[in-house]
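Enquirer: after the sequence you'll find the predicted model.
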Amino acid sequence: MYKNFVKSLITVLFLFGFAINANAEFKVGFVYVGPTGDHGWTYQHDEGRKAVEAAGIKTTYVESVPEGADAERVIRQLAQSGHDLIFTTSFGYMDPTNKVAKDFPNVKFEHATGYKREHSNVSTYSARFYEGRTLLGHMAGKMTKTNVIGYIASFPIPEVIRGINAMTLAAQKVNPNIKTKIVWVFTWYDPGKESEAAQALIDQGADIIMQHTDSTAPVQVAEKAGVWSFGQASDMQRFAPKSILTSIIDDWAPYYVERSIAARDGTWKQQDTWHGLNEGMVAMAPYNSAMGSGLVNEVKQLQKDLASGKVHSFTGPIYDQKGNLLVAEGNVADDGMLAGMSVYVKGVEGDIPK
Amino acid sequence: MIKIEKRNEAPNSIYFLTPVLAIFLTLISGALIFFILGFKPLEALKFFFITPISDLYGLSELLIKATPLCLIAIGLSFCFKSNNWNIGAEGQLTFGGIVGGGVALLFYNHDGFYVLPSIILAGAIGGMVFAMIPAILKVYFNTNEILVSLMLVYVSKLLLDYLVVGPWSNPEGFNFPETRQFSESARLPILIEGLRIHAGIFIALISVFLAWIVLYKTYLGFQIKVSGLSLKTAKYAGYKGKTMILLVFMVSGACAGLAGVGEITGPIGQLHRMISPDYGFTAIIVAFLGRLNPIGIVFASLIVALTYLGAETAQIFLQVPKYTGQVFQGMILFFLLASDFLIFFKIKFLGFKKYEY
């Protein structure tokens, strides 16, 4: 009886597996941390997915997957249900992605913003958002009257600290008197907390509001208070038409299309991608004409120079808050230093939360 | 005018049939919603309720998801039966996770049989202590336990945030908000190779059994029941109300703490900010759907767990919005309360006469 059961179970499982393989159409799966309508991080990843779909490849997504015990099940289910390439688009999916990748050697995995590639079928990718921050810093330094730049930060990870530093360095270059004030909100998406932070910064004299969080709340607060702001992840211009000078746009579409086609055609290889303005993974929304055409042209030139590599966001001399030299004159910070960045540069106020 | 009257008698069997009725009505309304959204109702329901558990892996995932819900709901049933409204199980779960996780980090790279039991015990005690706060405030200062326990959820979540960002964050983890992965000795053993089902399910089953004994076979259980039905009767009978309030909160907190520690030593394996997708709140639905009865809660936790899995599967195969899972949970509770109301009360239409007092 028991033996029969096991036998039939094996047969059924085998047939089931066969059935999946038999109608194997190439499919790409996406795992999102937020809802597709967040108008920030997840929204942009979904735009990328739509581009893959437009390129004639079938896609699937699962939204609002918590970064806890559920992530592994969702990733595994996508792998099991015949998806050949899976993009996991939040840092917290790093360990689950690698775990599932081990059990599905024929499925390719792409994890955004992580650093673990434990198996040959796992790639990682991220964008050089800091190049966009350099442009923001330039504009902020020129536009501020109070010389206080307010910055809403999410978590004290290298990516966020890199953005703060890149912005501050660029702002100092055009206006040595600026100060960067930071509020840590410890969330990527919480409109309530983000708007409180924006208000607190404005109350402390900031006339520029910048965010490394994903909701549109900060730019809306800035619009109401009549100060300048910058959008994050997607073009947030319509939420604060007067206040927004530009937005840093995460454009995942070219990368997603390229990698999906590579996986379909069998040319996909493991890699660690870090693309910026040059490759178009970081893009800038239209510049607000309220800046004046002189400044707009200046910024456009700087954008070109950053893309071509003529200008680097982290060019020495760079000092930390205590005045220690981080990067010597004439040198630029290498990717290793950027990837592990964990100190503020001079001119940033406060301490990194520990 | 409409007049609502309590019915004199409702047969006992109906009491356990209404949850079934509620689920049935949910399925019908669910099919209707799928239809309106433009999906084939039967196909959508199949992907929602059958596909997720059509293989061993799916069943194992169902049990993983149901385990914390069942544990918390069992604890909550002690509180709810005795008219104590502990809404903060999520906070007690988090605090249990914090204390248990702290012990796990303390024993980092330790081997030994004592590691896992001490983590589990620490988690239970953590949840228990955290649940004592609203209980003590209620007993000695007459505060509202709903408010206090709910507010404490935010306290424990913020404490967890602070710990995983700051002092407990992984020293090799580039400041990302998470601790190290716990050592193997601190993890609940996997029951079946290749699946994620872990020994935490036994903790839940033992709790169900103990809860059934205490609630139905002991004097204490009788006291809890009487206090729930009528506080005045309980006082008249001379039951020590204060001790009982403390006790039910302790049981409830310990269960939630166990659920938290089961998550971090089971499928997650570390502390980070998302150790629970609001299990503590969903378990309130589970407790009521299960009629505050241990066996009922087992079934209710499986059904509610299935709504989570089903929402994922339905989105993968049909791209149904993921939030339909929450809609289903809400509908189950709504229909349960509605059918309860109609069974225990009757509505009389009195016409448009002037109401006479």
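Expert: Everything's here; your move. These numbers come from a predicted model, not from an experiment.
Enquirer: show me where chain A has strands.
Expert: With DSSP state E, the ranges of strands along chain A come out as A:27-31, A:58-62, A:85-88, A:108-112, A:122-127, A:148-153, A:179-184, A:208-211, A:228-233, A:244-250, A:272-275, A:282-284, A:318-319, A:325-327.
Enquirer: only C-alpha atoms, please: export the second one in PDB.
Expert: It stands for strand A:58-62. These are the backbone C-alpha positions of strand A:58-62, laid out as PDB (Å, rounded to 0.1, in the frame of the first residue of the first chain):
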ATOM      1  CA  LYS A  58       6.400  36.900 -21.600                       C
ATOM      2  CA  THR A  59       6.700  38.300 -18.100                       C
ATOM      3  CA  THR A  60       5.100  37.700 -14.700                       C
ATOM      4  CA  TYR A  61       5.400  39.700 -11.500                       C
ATOM      5  CA  VAL A  62       4.500  39.400  -7.800                       C
END
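Enquirer: which outside residues touch that strand?
Expert: When contacts are defined by C-beta atoms under 8 Å, 6 or more residues apart in numbering or on different chains, strand A:58-62 is touched by residues A:25-32, A:36, A:46, A:49, A:52-53, A:74, A:78, A:83, B:312, B:315-316, B:319, B:322. All C-beta atoms are positioned from the backbone trio N, CA, C, and that covers glycine.
Enquirer: which of those residues are buried? Put it as a PyMOL command.
Expert: In PyMOL, a selection of the buried entries from those looks like this (16 or more other C-beta atoms under 10 Å in any protein chain shown):
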select buried, (chain A and resi 26+27+28+29+30+31+32+36+46+49+52+53+74+78+83) or (chain B and resi 312+315+316+322)
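Enquirer: low-confidence ranges, chain A, go.
Expert: Along chain A, segments meeting pLDDT under 70 span A:1-23.
Enquirer: in it, which residue sits nearest chain B?
Expert: residue A:69 (3.7 Å; C-beta to the nearest C-beta).
Enquirer: for that residue, what are its contacts?
Expert: Contacts of residue A:69 by C-beta under 8 Å, 6+ apart are B:64, B:263, B:266-268.
Enquirer: then residue B:245?
Expert: The contact partners of residue B:245, taken as C-beta under 8 Å, 6+ apart, are B:82, B:84, B:135, B:138-139.
Enquirer: please, which helix or strand holds it?
Expert: helix B:241-263 (DSSP states H and E).
Enquirer: average pLDDT across that helix?
Expert: Averaged across helix B:241-263, the pLDDT comes to 94.
Enquirer: roughly how far out does it sit from the chain middle?
Expert: Distance of helix B:241-263 from the chain centroid (C-alpha atoms, centre = their mean, to the nearest Å) equals 12 Å.
Enquirer: again with stretch B:133-151
Expert: With C-alpha atoms, centre = their mean, you get 20 Å for stretch B:133-151.
Enquirer: who's in contact with residue 271?
Expert: You didn't say which chain, so I picked chain A. Contacts of residue A:271 by C-beta under 8 Å, 6+ apart are residue A:123.
Enquirer: should've been chain B
Expert: B:97-98, B:101, B:105, B:160, B:163-164, B:168, B:178-179, B:264.
Enquirer: hmm, residue A:76 and residue A:103 touching each other?
Expert: Yes. The criterion here is C-beta atoms under 8 Å, and residue A:103 meets it with residue A:76 at 7.5 Å.
Enquirer: quick one: contacts of stretch B:203-219?
Expert: B:66-67, B:70-71, B:74-75, B:77-78, B:81, B:120, B:220-221, B:224-225, B:255, B:258, B:262, B:294-295, B:297-298.
Enquirer: hmm, try it at 6 Å
Expert: B:67, B:70-71, B:74, B:221, B:258, B:294, B:298 (C-beta atoms under 6 Å, 6 or more residues apart in numbering or on different chains).
Enquirer: okay then, goodbye and thanks.
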